[in-house]
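Q: The sequence and its predicted three-dimensional model are supplied below.
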Amino acid sequence: MEKIEIETIEVHNVWTLYGMNRDGTESKDKLAQFSRPQDWGDPRWVYHRFTLTWEVDGTRYVNHAHCWTDLQRPKFQYPQLFASLFAQISIPGEPPEFCGNKFLHEDDFWQDKWGPQPPVFEVEARRVLSSDDDFGWTDDDTPDDVRTLGTDPEPEQTCRVCGCTHYHPCEGGCYWVEDDLCSACAETTEDLIEFGPCCHCGATGPTVRNLIMLSVKARTPGPGSWGCFQCGLPMEGASAVLCDACIDAGLHPIFAIDGEPAKGVRVPIGELVEPFEHDLSKHPEVIGFDAER
């Protein structure tokens, strides 16, 4: 019998489930964000990794779902808590180094009270820096294209747009995407995913990065759409994206993405009327999940 070759698509996705209010009480309305928290070293964050393998139409999909939350639960409850999230896949996903708890991204931050600082992984340089105090480099042999959270750039390094510096960054934080351009002022860079305008306020730029799955069908499915292999849902679910400022203010999307997110075409959510939801009868692992929400 002829052996049938199965194509395998393996991706890493990361989710953060926010469930706590600033006053320490649990929120009734929990928010799932398609990224890792920048302060993930804080002990309040719980991290779990799940792997979902699914074969359909001759293709094997392997999704490594890295899930973060500030909700404290018995360990056996976390699979139920994240079940509706790790069954969703975004392709091509995220670099695995920026999903788990082994490496820092440039725009992450770390406090000494959280323990030893993990190494910084930089995609452009493709180098992993040691977590020792000297990061594995001496002053003489540190390459010019490698920066760490512990090294200071030239004092005169200033953003050409807003004038922020290493010691006086933009409100909410920023990092260097060019020698004289900070991330808050860079509308697009090769290493940042461009999602187009915020679906509430219309802002653009690198802070527009919080992808939200909607429970209605997209008018024009595209790279920003979502689906679920466990339910058998095609990649036709509508999505929206919000900027960090709208997320911090607790605002909700009023528009949905129409087609490719970066093209900026949006449609009012009220015009999308066809339901697109998980079939919970095919999710036995989420029994009792509604009570968590």
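A: Arrived safely, thanks for sending.
Q: any idea where the strands of the stretch 1-150 of the chain begin and end?
A: 7-20, 26-33, 46-56, 59-69, 121-122, 127-128 (DSSP state E, counting those that start in this stretch).
Q: Now tabulate those strands in CSV and tack on distance to residue 164, mean pLDDT and mean neighbour count.
A: To be clear about C-beta, it is placed using only N, CA and C from the backbone, and glycine gets the same treatment. Output for the strands of the stretch 1-150 of the chain, formatted as CSV (distance: least, CB to CB, whole Å; pLDDT from 0 to 100; neighbours: other CB atoms under 10 Å):
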stretch, distance to residue 164, mean pLDDT, mean neighbour count
strand 7-20, 26, 87, 18
strand 26-33, 25, 83, 14
strand 46-56, 31, 84, 14
strand 59-69, 28, 87, 19
strand 121-122, 20, 71, 19
strand 127-128, 26, 42, 14
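Q: Residue 266 is nearest to which of those?
A: Taking CB to CB, strand 26-33 is the member of those nearest to residue 266, at 19.7 Å.
Q: Could you measure from the nearest residue to residue 89 once chain neighbours are set aside over to residue 250?
A: Excluding its sequence neighbours, the residue lying closest to residue 89 (CB to CB, 6 or more residues apart in numbering) is residue 63, at 4.7 Å. Applying CB to CB, to the nearest Å, the value for residue 63 to residue 250 is 29 Å.
Q: now residue 54
A: Taking CB to CB, one finds residue 54 at 34 Å from residue 250.
Q: Give me the below-cutoff pLDDT ranges for this protein.
A: Within the chain, the ranges that satisfy pLDDT under 70 run 1-4, 122-157, 166-179, 183-184, 186-193, 229, 283-293.
Q: Residue nearest the middle of it, spatially speaking?
A: Centroid-nearest residue in the chain: residue 35, 1.5 Å away (criterion: CA atoms, centre = their mean).
Q: What residues does it make contact with?
A: 14, 16, 94, 209, 210 (CB atoms under 8 Å, 6 or more residues apart in numbering).
Q: how is this protein carved up into domains?
A: For the chain, automatic domain parsing gives the domain ranges 1-131, 151-186, 195-265.
Q: Return the most buried member of these.
A: domain 195-265 (a mean of 19; mean count of other CB atoms under 10 Å).
Q: Endpoint to endpoint, that one covers what distance?
A: Domain 195-265 has an end-to-end distance of 11 Å (CA to CA, to the nearest Å).
Q: burial of residue 276, as a residue count?
A: Number of residues near residue 276 (other CB atoms under 10 Å) recorded here: 20.
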